[in-house]
Structure formats: structure tokens, C-alpha cells
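Participant: Turn this into a model:
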Amino acid sequence: MKPIPYFERIIDTLAPLNPRPMKTYRGEDITQFEKLETEMMVHTMHCFEAEKLDKIVTIQAEIMGGKIIVYGTTIVPTDEYPFPMFTSEIVQAVNHLSLRADLIPLADCGRDMAYLEKYMAPIETLWEKYKDIPGMGVERYLWHRVMLSPFYAYGKIKYDVEQIEEKALEISIDYLKLFIQFWSEGQKADPTYMELLNGRKRAMLKTMMENDPGEGPLKKALGEEKAKKLLGLLF
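Facilitator: Okay, here's the model as predicted:
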């Protein structure tokens, strides 16, 4: 397992957004979650605010003394903007690395062809670039798969794939750069149109929070209340 400069690269790439440290979220102090240490893990969370965005949250969790390392980022637009959410996760385990990266559509693309063309079609080039890496495949969680873009990057990859740590980070950064393009071009949409998109957005985030496989370990390490608040920040 090689160290991955995940946070540094994410923050460097986010520079066009001019992110600012976020100390409160929806009126609540969130500084208590910046670093949490227990016998089981060390969990670091960085939260930022920026124009057009509800939140930027990026984490690193070292579990069981570093036998498992989890990196993740979630970026959510405010309710006025229709561009997708950004999500990234890299997990280093003893025998393999897993990765996820996507721009999650806020619209039901089966009904909204304009959204599909504007926000989903541009992802295809990135997906084509990486889809043939040995170990790349299809998301295993059905509940997650149904809400994703058609060009979601997922892989469970052995370390004998050359430079897989660097490649996994490159995938996340490439998807993030496309998100930043959508952010830079983003305009407020009609409030009536956004009602449907925001309903889907909130439902997806709730589903992610309730089904995240890290919920059990977090509850065990932090207690139910603190774990719920932490997941509520990430999702």
C-alpha cells in the first residue's frame, strides 16, 4: 500500500472554486469532526463552502492501524443549481484497492433527455479512458447503482496493476475537473424544475447515508449519535 496524496490533490484541483473552510453547517458547529481518534480508527474530515455549493466534504479514515485507509469526497450543489453531485471514494485494503467516482445526476435522465445530453454524455470520454483497467467493473450495491450516471467509474483492483494508486487518484481528479467545468458554467434553473431535482437529490443523499457500509464501524467507534451526525455531513 503506497500513500495517496488524496486530500492535497483534491484541494489543488478545487482552487477555481475558491473554497473556504466551513466551521458550521446548517447552524451547527462541525469543528468537532475535524479529527476523531479512537482505538479502532483515526478519522479526519475537511469541510468547505463555495459559491453555488451546499458543501464540500472530504475525509480520510485510517482503520485498524492503517490496515484499511478510506479516502472520500462529496460535493453537493445548492438547491438553485441543477448540475450533478460529485462523489469520489478510494479504499486501500491489504490485498486490493477499490475506487468509485461519479457525477450523480439530479434529474431522472430517462425522462429528461436535455439533462442527459448536457451533463451525462460528456462523462463518457472519461469512462472510456479507464474502463479497461483490470478490475474495473460494475458497482456491487444495487441501491447505489440505480442512482448513478451511465458512466460511473468503479473498480476492485489488485496491487499488481502498475501504479494503481496513482491511477485511482487520476480517475477521481479527472471526474472532479469535469464537475468544476459544470460548476463554472452553472446557472440557476427555474424553481419549479428544481423542485423535482431537489427531491431526488435529498432522497439519494438519505439513501446513501442509511446504506453506507461504514455506518456500523462508525457507530461502534463513535457512538450512534456522533456517527449519524458525521454521515449527515458527508451525505
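Participant: switch to C-alpha atoms for all contacts and neighbour counts from now on
Facilitator: Noted.
Participant: Chain neighbours aside, what residue packs nearest to the residue sitting nearest the centre point of the chain?
Facilitator: Centroid-nearest residue in the chain: Thr87, 2.2 Å away (criterion: C-alpha atoms, centre = their mean). Once flanking residues are discounted, Thr87 sits nearest to Thr74: 4.7 Å by C-alpha to C-alpha, 6 or more residues apart in numbering.
Participant: just checking, Thr44 touches Val57?
Facilitator: No - with contact defined as C-alpha atoms under 8 Å, Thr44 does not reach Val57; the gap is 10.6 Å.
Participant: the more surrounded of these two?
Facilitator: Of the pair Thr44 and Val57, Val57 is the one with more neighbours under other C-alpha atoms under 10 Å, namely 19 against 16.
Participant: so where does the more buried one fall, helix or strand?
Facilitator: Using DSSP states H and E, the element containing Val57 is strand 53-63.
Participant: Mind listing residues that contact the helix or strand just after that strand?
Facilitator: Downstream of strand 53-63, the first helix or strand assigned by DSSP H and E is strand 68-77. With contacts defined as C-alpha atoms under 8 Å, 6 or more residues apart in numbering, strand 68-77 is touched by 6, 52-63, 83-94, 234-235.
Participant: Buried only: go through those for me.
Facilitator: The neighbour-count test (16 or more other C-alpha atoms under 10 Å) applied to the contacts of strand 68-77 identifies 6, 52-53, 55-63, 83-93, 234-235 as buried.
Participant: So for Pro3, what pLDDT did the model give?
Facilitator: Predicted confidence (pLDDT) for Pro3: 88.
Participant: what's it sitting at in phi/psi?
Facilitator: The phi/psi pair for Pro3 (degrees, to the nearest 10) reads phi -60, psi 140.
Participant: Report how many residues lie close to it.
Facilitator: 9.
Participant: That one and Ile75, how far apart?
Facilitator: 23 Å (C-alpha to C-alpha, to the nearest Å).
Participant: where are the low-confidence patches of the chain?
Facilitator: Across the chain, residues meeting the criterion (pLDDT under 70) sit at 214-217, 221.
Participant: Which residue ranges of it form helices?
Facilitator: Per DSSP state H, the chain carries helices over the ranges 6-13, 113-115, 124-130, 142-145, 164-185, 191-211, 215-222, 224-234.
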